[in-house]
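[1] After the sequence you'll find the predicted model.
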Amino acid sequence: MEWTSRLKALNDAVEARNQAIAEVRLADAHVVELTAQAAADGAPGASLARVLARLQPLLAQDRPHVCGVSPVVPPVQPAPEPPSERGWPDGLERYTLQEAWARGLLPWKASTTRTYRARSIRRGIPFPEGVQDKTGTGHYTEEELRAWLAAWTAQAGSENLTLPQQQPVPEPEPEPPTVPESASAG
């Protein structure tokens, strides 16, 4: 095949690719719009996440790079298996942040723990990686959470483990008895 023929085939392939990309962008915009509408209508976040988790990636990340291993792009690691009826594949008991709080493993609710996780990372205290399920929720072992909590407590101080006590409200002083006007006039 002559290079001019090859160049024409390449030009046709680029046009076909651009058309396909335009269609994908249009479909993505439609998905974003429907997601926003569903969220505005009150759809639960977990349900939305479950649907959106099925989106196929735009790039095939599981195929090897044509040039071999790249130092710029790390190899893709397979997603961990979700928990089965018998537990996690590694056999360890794992908890979400909310479950850990409910079981007394953490002194804060999940939202507060996420705040402390962000502060912890900024302060150089590593937060456990845990294992993510299909919805992106982290699941952590008791040992991981206890080790992080000990490191956080040592750095942040024990005052962050309990809610501040309310100061007692002082009772108003009793008013002095008043003498009726008729008794003082006489």
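    That came through fine.

[2] only C-alpha atoms for contact and neighbour calcs from this point on.
    Noted.

[3] could you turn stretch 10-28 into CSV, dropping everything but the C-alphas?
    Output of stretch 10-28 as CSV, limited to C-alpha atoms (Å, rounded to 0.1, in the frame of the first residue of the first chain):
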residue,chain,number,x,y,z
LEU,A,10,-5.7,7.4,8.5
ASN,A,11,-7.8,10.5,7.7
ASP,A,12,-10.9,8.4,7.5
ALA,A,13,-10.1,6.7,10.8
VAL,A,14,-9.6,10.0,12.5
GLU,A,15,-12.9,11.3,11.2
ALA,A,16,-14.7,8.1,12.4
ARG,A,17,-13.0,8.5,15.8
ASN,A,18,-14.0,12.1,16.2
GLN,A,19,-17.6,11.3,15.3
ALA,A,20,-17.6,8.5,17.9
ILE,A,21,-16.1,10.8,20.6
ALA,A,22,-18.7,13.4,19.8
GLU,A,23,-21.5,10.8,20.4
VAL,A,24,-19.8,9.7,23.6
ARG,A,25,-19.6,13.3,24.9
LEU,A,26,-23.3,13.8,24.1
ALA,A,27,-24.2,10.6,25.9
ASP,A,28,-22.0,11.7,28.9
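
[4] And the next helix or strand past the top helix by length along the chain?
    In the chain, taking DSSP state H as the definition, the longest helix is helix 3-40. Under the assignment DSSP states H and E, the closest C-terminal helix or strand after helix 3-40 is helix 45-52.

[5] Return the distance of T115 relative to L97.
    12 Å (CA to CA, to the nearest Å).

[6] ok, the two, which is more surrounded?
    L97 (23 against 10; other CA atoms under 10 Å).

[7] Can you report how many residues lie near S120?
    S120 - counted by other CA under 10 Å - has 20 other residues nearby.

[8] Kindly apply the preceding question to L106 instead.
    So L106, with other CA under 10 Å, has 19 neighbours.

[9] Spatially nearest residue to it, not counting backbone neighbours?
    Leaving aside its chain neighbours, L106 sits nearest to A100 (5.8 Å; criterion: CA to CA, 6 or more residues apart in numbering).

[10] where does that neighbour fall, phi/psi-wise?
    Main-chain torsions, A100, degrees, to the nearest 10: phi -60, psi -40.

[11] Give me the pLDDT value at it.
    If you check A100, the pLDDT there is 91.

[12] What is the neighbour count of it?
    21.
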